Structures are given as C-alpha cells and as structure tokens.
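Engineer: 3D, please:
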Amino acid sequence: MNQKDMLESIVQEVMKQMSGGAPAAPAANGNTATADQDYPLSERRADQIKSPTGKSLNEITLEGVMNGSVTADDCKIRPETLEMQAQIAESVGRAAFARNLRRAAELIAVPDDRLLEIYNALRPYRSTKGEMIAIADELENQYNAKINGAFIREAAELYEQRGRLRV
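Structural biologist: Have a look, this model is predicted:
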C-alpha cells in the first residue's frame, strides 16, 4: 500500500468514526436520536453533521487534507454529536456507554493540556481530597462540566475511604 492509499484509508476510517457534529437535540423526525432512525449518523444525518469549525462531512476530504484546507481542528467531534450518539446508545439499552459519551462531551471544552493535568492529578496518591474537590469545582464552574464534577467528587470520597489520597 503506497502512502497516498494509506492516508486515504486513514481518512476514511476517521470519517466513519467521526459520524459527528450534528446538533444533538431532536432528530430529523422531531424525536431524540435512535439507532433505528438515525444510526449511523454519517449516513442518516450527514446533512446536519458539522465539525467544530463549521465544515460539513462532505467538505472533509483526502484532497483537503493533502492541500491543507482540512486541518486537525476540522476533524474534531462536537459535544452535540456525542449527545446524539448517547441518545442512540440509550435507544439500544447501552446506558453506561451513553453516560461515558456525555462525560466526554463535557470535556471537549477543557483544553487538552489541562485535561492531562487533571488526569495525572486523579491518579491514586497524587492529590489531596481538597485538591480533587477544587478540580471538581473548576470543571463545574469554569467549563460547565457538571457530570464530570460530580464524578470527581465521588472519586474523592472513594479515595478517602480507600486511603488513596496524598497526605
């Protein structure tokens, strides 16, 4: 496989996985997204799917990648897309997966370098309970990441119970 074929294959795989960027709220029929009516999003709701930069799926092409008109920012997923994917997951009984997608959607607003800092701070013995609560407050207040804030508060309690906090 030559370099162009390999790059084209990668772009096609990313596009399949991206399936994203559409507004989350109602599906085309006015209801929440369901597997029967809306999955896969890239095929059944392609007209509504946009990247965070506003590009449609049809605008994200191998040619665009090669000539520089499509950037990495054009290939990122939007929170609304993850919400639609969560609705689809719920429609087939995958509630835990839907919760994971919603947590991920909240974290899109958090800068990558801060996410890495938070990840490292949440490892056992890396933070005090107060530091973990401060992270939860930051996520809730600065990034409106209420689900993740609650998740970290719960982790702080569990770390305390299990002796996994930094002293």
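Engineer: skipping its backbone neighbours, what lies nearest Arg164 in space?
Structural biologist: What sits nearest to Arg164 in space, not counting adjacent residues and going by C-beta to C-beta, 6 or more residues apart in numbering, is Pro124, at 4.2 Å. Placement of C-beta: from N, CA and C, glycine included.
Engineer: does the one you found really touch Tyr159, like I thought?
Structural biologist: Yes - here Pro124 lies in contact with Tyr159, judged by C-beta atoms under 8 Å, at a distance of 6.9 Å.
Engineer: these two: which is more packed in?
Structural biologist: Each of Pro124 and Tyr159 had its neighbours counted (other C-beta atoms under 10 Å), and the higher figure belongs to Tyr159 (21 against 11).
Engineer: contact partners for that one?
Structural biologist: Under the criterion of C-beta atoms under 8 Å, 6 or more residues apart in numbering, the contact list for Tyr159 reads Pro124, Lys129, Met132, Leu165.
Engineer: and whatever helix or strand Gln161 lives in, average pLDDT?
Structural biologist: Counting by DSSP states H and E, the secondary-structure element that holds Gln161 is helix 146-162. Averaged over helix 146-162, pLDDT sits at 97.
Engineer: for it, buried residues please.
Structural biologist: Ile147, Asn148, Gly149, Phe151, Ile152, Arg153, Ala155, Ala156, Tyr159 (16 or more other C-beta atoms under 10 Å).
Engineer: chain center to it, what's the gap?
Structural biologist: Per C-alpha atoms, centre = their mean, to the nearest Å, the displacement of helix 146-162 from the mean C-alpha position of its chain is 20 Å.
Engineer: understood, closing this out.
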